[in-house]
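**Student:** One predicted model, sequence on top.
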Amino acid sequence: MDTLARLEQVIAERRSASPDSSYVAKLNAKGIEAVAQKVGEEAVETIIAALSESREEVIGESADLIFHLLVLLQSRRIKLSEVMEELDRREGTSGLEEKASRKDN
Ligand SMILES: N=c1c2ncn([C@@H]3O[C@H](COP(=O)(O)OP(=O)(O)OP(=O)(O)O)[C@@H](O)[C@H]3O)c2ncn1[C@@H]1O[C@H](COP(=O)(O)O)[C@@H](O)[C@H]1O
């Protein structure tokens with residue numbers, strides 16, 4: 001099992017833990033708005049790191065962002081495999097074609 005799949009499983013297990021002992025449980029207890037806000041904050045921190053901080057900072061903020069995105073997906077009951085399937089679907093298609101097909105929809 002790869003890192004993201006393992007992390008997805010850990011996040012699922014920790015949802016029902018005590019908020020006193022688990023960051024995932026504590027964040028989920030605050031509701032999807034708080035989870036979504038956290039994804040936004042981590043995205044901004046990643047952008048700032050990419051523009052003005054060290055490689056290590058960019059790596060750390062990217063890890064925070066990916067982790068919180070997995071928490072968000074789980075709170076919407078979306079499996080990581082569904083996102084991977086969407087990425088697989090796009091494979092071999094130019095990003096520009098993908099953009100054009102989105103405009104058509
Ligand atoms: N990968 C992570 C992970 N990455 C980041 N974080 C937490 O995300 C938070 C990042 O938020 P910030 O940088 O904004 O720091 P903060 O000010 O402390 O955050 P807030 O108080 O605003 O929420 C920190 O509290 C980190 O500890 C994580 N917490 C948990 N995990 C994984 O999730 C597993 C389960 O964790 P628990 O639910 O705590 O058992 C762990 O074993 C890890 O594998």
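**Tutor:** All right, it came through fine. Residues are numbered from 1 along each chain as shown.

**Student:** pLDDT weak spots in this protein?
**Tutor:** Within the chain, the segments meeting pLDDT under 70 span 105.

**Student:** change it to 50
**Tutor:** Nowhere does the chain drop to pLDDT under 50.

**Student:** Quickly note the distance from residue 17 to residue 102.
**Tutor:** For residue 17, the distance to residue 102 equals 39 Å [C-beta to C-beta, to the nearest Å]. Heads up, the C-betas are built off the backbone N, CA and C, glycines and all.

**Student:** neighbour-wise, which of the two wins?
**Tutor:** residue 17 (14 against 8; other C-beta atoms under 10 Å).

**Student:** OK, contacts around that one?
**Tutor:** Neighbour list for residue 17: 24-25 [criterion: C-beta atoms under 8 Å, 6 or more residues apart in numbering].

**Student:** Give me the number of neighbouring residues for residue 61.
**Tutor:** For residue 61, the neighbour count with other C-beta under 10 Å is 20.
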